[in-house]
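> One predicted model, sequence on top.
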Amino acid sequence: MKVGILGCGAIANIITNFAVEGKLGVDLNFFYDRDMERAENLASQVDGTVALDINSMLENVDLVIEAAAPQAVSETVPLVLEHGVDVIIMSIGALMDTELRKTLENLAAKNNAKIYAPSGAIVGLDGIKAASIGKIQSATLVTRKPPRSLGVSAEEETILYEGKAGDAVRKFPMNINVAAALSLACGKEVDVKIIADPSVDRNMHEVQVIGDFGEIKTITQNVRCSMNPKTSVMAAYSAIKLLNSLNETFRIGT
Ligand SMILES: NC(=O)C1=CN([C@@H]2O[C@H](COP(=O)(O)OP(=O)(O)OC[C@H]3O[C@@H](n4cnc5c(N)ncnc54)[C@H](O)[C@@H]3O)[C@@H](O)[C@H]2O)C=CC1
Ligand SMILES: O=C([O-])CC(=O)C(=O)O
C-alpha cells in the first residue's frame, strides 16, 4: 500500500522514523506540507517524493495520513475521498462538525474509500465503543497539560476551559482532539475540563464513563513530542499501529 502524509510536523516525524526502520507495514513515499522544507526533510529520510500540491499526491497513493490541522480536514479530506483514496484523520476535532462528518462519510461511501480515526493520545476507546452498545449516562474528560503545551504561562493549576467537547475543540483546536475521539466513541458529546498545571511534565487525560455496563476510568500520562509539546507520542503510535493493522488477518479489541 502506498501512503502519503499531509502535514509534516511532530506526528509525521515519528511515523517517518518508523518507516526508516521498516516498521510501518506500508510504503510511505509522498509528503505534503505548506511549509515545503518540512516535507523535504521527511521525504529525504525515506527517499520519498515531495508533493507540490495535494492533487499530485492523490494520483500516487492509496491512503493519506492527515496530520496537519482541523482546517486541513475540511479543506482537503473531501478531495482525498473524491479520489477514492483512504484517509487516516489525526485532527479528529474537525469531525465534531456533524455536517462535515456526514459529508465525508457520504463521499467515502460513494467513492469506496475508508475514513480511519485512530484513538490518538487517549486510551480505552475499545471498551467505550463496546459500552456504547448499551446506554451511556455520563462521559467526562479532564485534560491536564504543562502550561507550555497549552501555549499559556501559569504559576499554579489553572482551569482554562470547562464545557462541552464541541466548544472545546473550537477553542483549543490543536490541543483537545481527544475530546472528539471520546465523544465519537461514546456517541455522546462529552463534558471536558482543560487544566494548565505547572506541576506536571506529561500530557494527561483522565476519562470517566458511566453506563448500564458499569463504569470505566482511565488515566493516560503521555510523553510529549520533542518537536511539539502540545502533542503526545502516543498519538503518533496509534496511527502507526493502525497502519500495521491494515494487513492483519486477526484483529484484537473492538
Ligand atoms: N487525535 C489525537 O489524539 C491528536 C491529534 N493531534 C492533531 O494532529 C495534527 C498534527 O499534529 P502535530 O504533528 O503535532 O502538528 P504540528 O503542528 O507539529 O505539524 C503540523 C504540520 O502540518 C502543516 N500544516 C498545517 N495545516 C496545513 C494545511 N492546511 N496544509 C498543509 N500543511 C499544513 C504545518 O505546516 C506543520 O508542519 C494536529 O491537528 C493536532 O492537533 C495531535 C495530538 C493528538
Ligand atoms: O496529544 C495529546 O495529548 C492531546 C492533543 O494534543 C489533542 O488531543 O489534540
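Cool, the structure landed. Ligands and ions are numbered 1, 2, ... in the order given.
> When you work out contacts or count neighbours from here on, use the C-alpha atoms and nothing else.
Noted.
> how about the nearest residue to the residue most central in space within the chain, chain neighbours excluded?
Nearest to the geometric centre of the chain sits Met90, at 2.6 Å (CA atoms, centre = their mean). Once flanking residues are discounted, Met90 sits nearest to Ala67: 5.4 Å by CA to CA, 6 or more residues apart in numbering.
> tell me the contacts of that neighbour?
Going by CA atoms under 8 Å, 6 or more residues apart in numbering, Ala67 touches 5-9, 11-12, 89-91.
> and Ser74, what element?
Per DSSP states H and E: Ser74 is located in helix 70-82.
> counting contacts, what elements does that helix pack onto?
strand 63-66, strand 86-89, helix 98-110 (3 or more CA pairs under 8 Å, 6 or more residues apart in numbering; DSSP states H and E).
> nearest to His205, of these?
Shortest distance between His205 and the helices and strands packed on helix 70-82, using CA to CA, is found for strand 86-89: 19.8 Å.
> Show residues contacting the closest one.
62-67, 73, 77, 80-81, 113-118, 239.
> Only the buried subset of those residues, as a ChimeraX command please.
Here is the ChimeraX command that selects only those of the contacts of strand 86-89 that count as buried (16 or more other CA atoms under 10 Å):
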select :62,63,64,65,66,67,73,77,80,81,113,114,115,116,117,118,239
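> Grab the nearest non-local neighbour of Gly4.
Nearest non-adjacent residue to Gly4, counting by CA to CA, 6+ apart: Phe30, 4.2 Å away.
> Pretty sure the one you found sits in a helix.
No. Using DSSP: H, G, I helix; E, B strand; the rest coil, the assignment for Phe30 is strand, not a helix.
> Any idea how many residues pack against it?
Residues contacting Phe30 under the criterion other CA atoms under 10 Å number 26.
> so it bridges to which residues?
Counting by DSSP bridges, Phe30 is bridged to Gly4, Thr49.
> Check the gap between it and Val142 for me.
From Phe30 across to Val142, the span is 36 Å (CA to CA, to the nearest Å).
> same check, this time on Asp53
Asp53 sits 38 Å away from Val142, going by CA to CA.
> Please identify the residues of the stretch 151-254 of the chain in proximity to ligand 1?
Residues of the stretch 151-254 of the chain lying near ligand 1 by CA under 6 Å from any ligand atom: 174-175, 177-178, 228, 231-232, 235.
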